[in-house]
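In: have a look; sequence and predicted model below, questions after that.
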Amino acid sequence: MAFAEALARQAPIVLDGGLATQLEAQGCDIANSLWSASLLTSDTRAIIDASRAYLDAGADCIATASYQASRAGFAQLGLSADEADRLMLLSVELAIRARDEFLVDNPVCERLPLIAASIGPYGAALHDGSEYSGEYDVGAGDLRAFHSERLQLFDTSNADVLACETIPSFVEANVIAELLRDCKTPAWMSFSCRDGRHINDGTPIEAAARLFRDHPVVLAVGINCTPPQYVRSLIGEVRKALPRVAVLAYPNSGETYNAATNSWTGTVSPLDCASAAAEWATAGAKLVGGCCRMGPEHIRAMAERLKGIV
């Protein structure tokens, strides 16, 4: 399997940055309930171009435009469950198309870029910020129903890995851990965190990570969509829980969004990202990249800096 083989190599795996970040940089309007996934119905070329930008920057793995995609979400557009499934599978094929175009222009490529099927948390479909708190008004049964349809679907796709990401809740993580046992595709689990020791619902990440000890398909566990200053500590906590499992880290930029002014404050330079990426890799992260507000320029700097690290 491509993902397992990539993990077996010594060098770090460079992940992409925020897909939505690059789509907005390309001029796309994704301010809607489906976010990047909305373009699956209207502008597939933009998705391909955004993924290609990260490959050109040096990413070894690109994520699909499916983070907020679900049958319920597409139903709001009047689409049937079958049509929603077709669009979610299309997200994988668009990433593959971006990879194919990249390989045509770069025939002597040392690594075949990986395709990660992006599977966001339940809260991402609610649009109420609960994906960053883990405070859901539903139980494990509803979470199981929500995640099972997408996991089963993407398990039939051509994705190299199921990327369960920005998970803020211990209960949700436990549900996903159980559902993934029925999948054949390798997976990773990535938590969103409130500080250097806890995921966003307050559970110690060490306890949450233990859910994936000796898991048959989850080959990497880590952190994303989290302020970068917490990442080194979180890597250590995950390694304590899972010393034989690969750790991944792809935080956001650390900038702060001001809703009153509709603007971001704070800056993060590509050079800062490169230094941080080297620090995370040295601390034990096998997969390193970026999330919100991290663009191709940040990933390029990371990729260049990580070349000498094994």
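Out: Noted; the coordinates are in hand.

In: so, low pLDDT: which residues of the stretch 51-200 of the chain?
Out: Within the stretch 51-200 of the chain, no range satisfies pLDDT under 70.

In: can you do 90?
Out: 108-111, 125-133 (pLDDT under 90).

In: can you map out the strands along it?
Out: 61-63, 114-119, 161-167, 187-191 (DSSP state E, counting those that start in this stretch).

In: ok and the top helix by length along the chain relative to strand 114-119, angle-wise?
Out: Secondary structure of the chain per DSSP state H: the longest helix is helix 81-105. Angle, helix 81-105 to strand 114-119, by axes from the mean of the first three to the mean of the last three Cα atoms, to 10 degrees: 160 degrees.

In: how far out from the middle of the chain is stretch 78-89?
Out: Relative to its chain's centre, stretch 78-89 lies at 21 Å (Cα atoms, centre = their mean, to the nearest Å).

In: show me the contact partners of that stretch.
Out: For stretch 78-89, the external contacting residues (Cβ atoms under 8 Å, 6 or more residues apart in numbering) are 37, 40-41, 66, 69-71, 73-75, 150, 153-154, 156-157. In this view, the C-beta of every residue, glycine as well, is placed from N, C-alpha and C.

In: measure how buried the nearest residue to S66 once chain neighbours are set aside is and give me the count.
Out: Distance criterion Cβ to Cβ, 6 or more residues apart in numbering; nearest residue to S66, sequence neighbours excluded, is S91 at 4.2 Å. For S91, the count of nearby residues is 27 (other Cβ atoms under 10 Å).

In: give me the subset of the contacts of stretch 78-89 lying in helices.
Out: Short answer: those in helices (DSSP H) are R71, G73, F74, A75, R150, L153, F154.

In: ok, now which ones touch P227?
Out: Residues in contact with P227, defined by Cβ under 8 Å, 6+ apart, are P251, N252, G254.

In: most neighbours among those, which one is it?
Out: Busiest of those [other Cβ under 10 Å] is P251, holding 28 neighbours.

In: next one, pLDDT for that one please.
Out: What the model reports as pLDDT for P251 is 96.

In: and what of the one 10 residues further on?
Out: At T261, the pLDDT value in this model is 65.

In: what of the one 5 residues further on?
Out: In this prediction, G266 carries a pLDDT score of 76.

In: the one 4 residues further on too?
Out: According to the model's per-residue confidence, P270 sits at a pLDDT of 93.

In: same thing with the one 3 residues further on?
Out: At C273, the predicted lDDT confidence score is 94.

In: same check, this time on Y257
Out: So Y257 comes in at 65 (pLDDT).

In: ditto for L34
Out: 91.

In: how close does it get to G236?
Out: 36 Å (Cβ to Cβ, to the nearest Å).

In: those two: which is more packed in?
Out: L34 (24 against 16).

In: what's the spacing between that one and E135?
Out: Taken as Cβ to Cβ, the span from L34 to E135 is 22 Å.

In: give me the buried stretch members for stretch 294-308, please.
Out: M294, G295, P296, H298, I299, R300, A301, M302, A303, R305, L306 (16 or more other Cβ atoms under 10 Å).

In: max pairwise distance over these: which two?
Out: G295 and L306 (17.1 Å; Cβ to Cβ).

In: quick revisit: nearest to I199 among the ones in helices among the contacts of stretch 78-89?
Out: Among those, and counting by Cβ to Cβ, the member closest to I199 is R150, at 20.6 Å.

In: assess the claim that the closest one and S70 are in contact.
Out: Yes - between R150 and S70 there is a contact at 6.4 Å, judged by Cβ atoms under 8 Å.

In: where along the stretch 201-310 of the chain do the strands fall?
Out: 218-224, 246-250, 256-258, 263-265, 285-288.

In: got those strands as CSV, with distance to G18 columns?
Out: Shown next, in CSV, are the strands of the stretch 201-310 of the chain (distance: least, Cβ to Cβ, whole Å):
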stretch, distance to G18
strand 218-224, 10
strand 246-250, 9
strand 256-258, 13
strand 263-265, 12
strand 285-288, 15
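
In: now render those strands as a markdown table, adding distance to V14 and mean neighbour count.
Out: Listed next are the strands of the stretch 201-310 of the chain as a markdown table, based on distance: least, Cβ to Cβ, whole Å; neighbours: other Cβ atoms under 10 Å:
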| stretch | distance to V14 | mean neighbour count |
| --- | --- | --- |
| strand 218-224 | 14 | 26 |
| strand 246-250 | 10 | 28 |
| strand 256-258 | 26 | 11 |
| strand 263-265 | 24 | 11 |
| strand 285-288 | 6 | 27 |
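
In: so which of the ones you listed gets nearest A278?
Out: strand 285-288 (8.8 Å).

In: before we move on, back to that, can you select the buried ones from the contacts of stretch 78-89 in PyMOL?
Out: Selection of buried members from the contacts of stretch 78-89 for PyMOL, criterion 16+ other Cβ under 10 Å:
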select buried, resi 37+40+66+69+70+71+73+74+150+153+154+157
